[in-house]
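# Got a predicted model here, sequence first, then my questions.
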Amino acid sequence: MRPTLYDYVLSPSCYKARLMAALVGSELESVAVDFHPGGDHRKPEFLMLNPAGTLPVLTHGGLILTETTAMLVYLVRLAGRCEWLGGEDPASAARVQQWLAFSARLTASLGLARLHDMLGRPADIDAARWAGTLCLRELESALVENRLLGEDFLAGNAPTVADVACFPYVMLAPDGGVSLDPYPAIRAWTRRIRALPGFVEMPGIHRLHDLRPEPGEAEAAA
Amino acid sequence: MTLPAAAIDEWYPVAMAPDRPLRPDQETTLLGERVRVLLDGQEPRVEANDGRNLPVIVRHGHVWTSLGAPKHDLFAIPEGEQPGRRLVECGAIRVRCSPLRAVENFLDIAHFPFVHTDILGSEPHTEVNRYEVRIREEVDEVWATKVTFYQPQAAKSAQGGITTEYMYRVPHPTCSVLYKTCPPRPGEWDIITLFVQPLEEDLCQVWPWMALFDDQTPQADLIQFQQMIFLQDRSILENQIPRLLPLDPGMEMPTRADLTSVAYRRWLKKRGYHYGAQLVAA
Ligand SMILES: [Fe+2]
């Protein structure tokens, strides 16, 4: 029996679970929840499943998960693809945890700006965008440092759950009025993620071959 | 700025009809003015910033209002009244673009294979067949008919690829109605509309609405299918330059793929509807 994802197609958090499953080659059953405009995630039947009233929810047998990062770890272990959990040495394991926690800041800033701009949810939009910008600056400098060490991903040389946790809200920052133009290292990182085998899209996030080249890229390669 | 009468004396959607969950006392914007949507019992009331009550029509799943005094009724969609149809309100999605750009994009089928890849279109089936576009003077609407297109998954209810036939209708400067082949019921048309609420000249809210023959697909799946399609357009709409829809005061040179767009622009000029447009010579 496959795990069941209570899903909303426009939610970057739901997409994290779909993307993780696709990258480790497993399949999910999907149950669409009318988040907008219905607000079904706040209705009693759904609150029985998840008292926090948040999406996504992942169920499998008797297991009910309501935290996205827990779902990513579960899907990876279930598929036996533990390389996605990162290295076992103390520093590597801690770096993965560091970025998993950081992903919550992305949700609260860039995610909130996107909800405001797209679905008209109330928010202090300037504060949300500024908090998001600070997150992006932090991410940019970390990625630059990683590249100096020859590392392509957040927690080392290979992609991990940390990359999957941080990628969607970063990639969709323009939906909330925050441009990625000032962050070349972030843009290069998102391209590496979109090029991974098994990568799937969500509305607003395209596969790599659909993308416009970076300025000068085609000319430089010729 | 003073708004042209063509824009003021027009109906616009501002909320979902009150049988859908409506937050009482919703604030929104129409043509740059703050308006409030209130509920008197089950009756929606719309109040302008200065406290005056605005005219209200509840139709096509939405609450419509006007800042002015429209001399015409809001357009009808008679096929939408047929018994057995599922009526699906999809909620509002906000887009940083001109309301006219949102309608023009909705009318453009040439983008299907590139923007809605593997859903509404796919490569190499990018050819747009010949179709007919005209302004129907007797009803003052733009119609595009005999539009056919190969689609991998034309609707949530479609199993596999089919050649879909479409008709596009523009009965209102910021609204379009699409009639398309209905996979489970040949001979009938599924109705998919785009109602656009102009917030500002370069900011709008779209309220997709559907009237479908489909008693299989859960409501949430129908809504999410439509939202997914629209979100694929949103990033493109937000990156269009210029933001406002250029209206050439002279003649525009049609290409086959965008005949509908040319007719739409010509019709807007004829009506003097310039909110969200810029007048430029090519
Ligand atoms: Fe589209």
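In hand now; what should we look at? Numbering: from 1, shown residues only, chains lettered A, B, ... in the order given.
# which residues sit in contact with the residue in chain B that chain A sits nearest to?
Nearest residue of chain B to chain A (C-beta to the nearest C-beta) works out as residue B:91 at 2.7 Å. Where you see a C-beta, it was placed from the backbone N, CA and C, and this is true even at glycine. Shown in contact with residue B:91 (C-beta atoms under 8 Å, 6 or more residues apart in numbering or on different chains): A:36-38, A:119, B:16, B:207, B:223, B:227.
# Could you rerun that using 10 Å?
With contact set as C-beta atoms under 10 Å, 6 or more residues apart in numbering or on different chains, residue B:91 has these partners: A:34-39, A:119-120, B:16, B:20-21, B:205-209, B:223, B:226-227.
# try residue A:58
Neighbour list for residue A:58: A:3-7, A:14, A:17, A:21, A:28, A:64-68, A:70-72, A:74-75 [criterion: C-beta under 10 Å, 6+ apart].
# among those residues, which ones are buried?
For the contacts of residue A:58, a burial check counting by 16 or more other C-beta atoms under 10 Å in any protein chain shown picks out A:3, A:5-7, A:14, A:17, A:21, A:28, A:65-68, A:71-72, A:74-75.
# In helices only, show me those.
Judged by DSSP state H, helices contain the following of those: A:14, A:17, A:21, A:68, A:71-72, A:74-75.
# Would you map the helices across the chain?
As the question left the chain open, I've gone with chain A. Under DSSP H, chain A gives helices at A:12-23, A:44-49, A:68-78, A:90-106, A:112-119, A:125-148, A:161-171, A:184-194, A:217-221.
# Chain B was what I was after
Counting by DSSP H, the helices of chain B are B:5-8, B:99-107, B:112-115, B:219-238, B:259-271.
# tell me the most buried of those helices?
Of the helices of chain B, the one with the most neighbours on average (mean count of other C-beta atoms under 10 Å in any protein chain shown) is helix B:99-107, at a mean of 25.
# wait, does it contact chain A?
No: shown here: helix B:99-107 not in contact with chain A (C-beta under 10 Å from any C-beta of the partner chain), separated by at least 13.7 Å.
# okay, and the helix or strand of chain B with the least pLDDT?
None of the helices or strands of chain B scores lower by mean pLDDT, DSSP states H and E than helix B:112-115, at a mean of 81.
# Give me every residue in chain A lying close to chain B.
Looking at chain B, the residues of chain A close enough under C-beta under 10 Å from any C-beta are A:7-10, A:30-40, A:42-43, A:116-122, A:172, A:174-175, A:177, A:201-207, A:210.
# From the recorded domain assignment, give the ranges for the chain.
With no chain named, the answer covers chain A. Annotated domains of chain A cover A:4-81, A:86-196 [automatic domain parsing].
# meant chain B actually
Per automatic domain parsing, the domain ranges recorded for chain B read B:1-74, B:85-282.
# Would you mind giving these as JSON lines with distance to residue A:145 added?
Compiled in JSON lines, those are given as follows (distance: least, C-beta to C-beta, whole Å):
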{"stretch": "domain B:1-74", "distance to residue A:145": "44"}
{"stretch": "domain B:85-282", "distance to residue A:145": "30"}
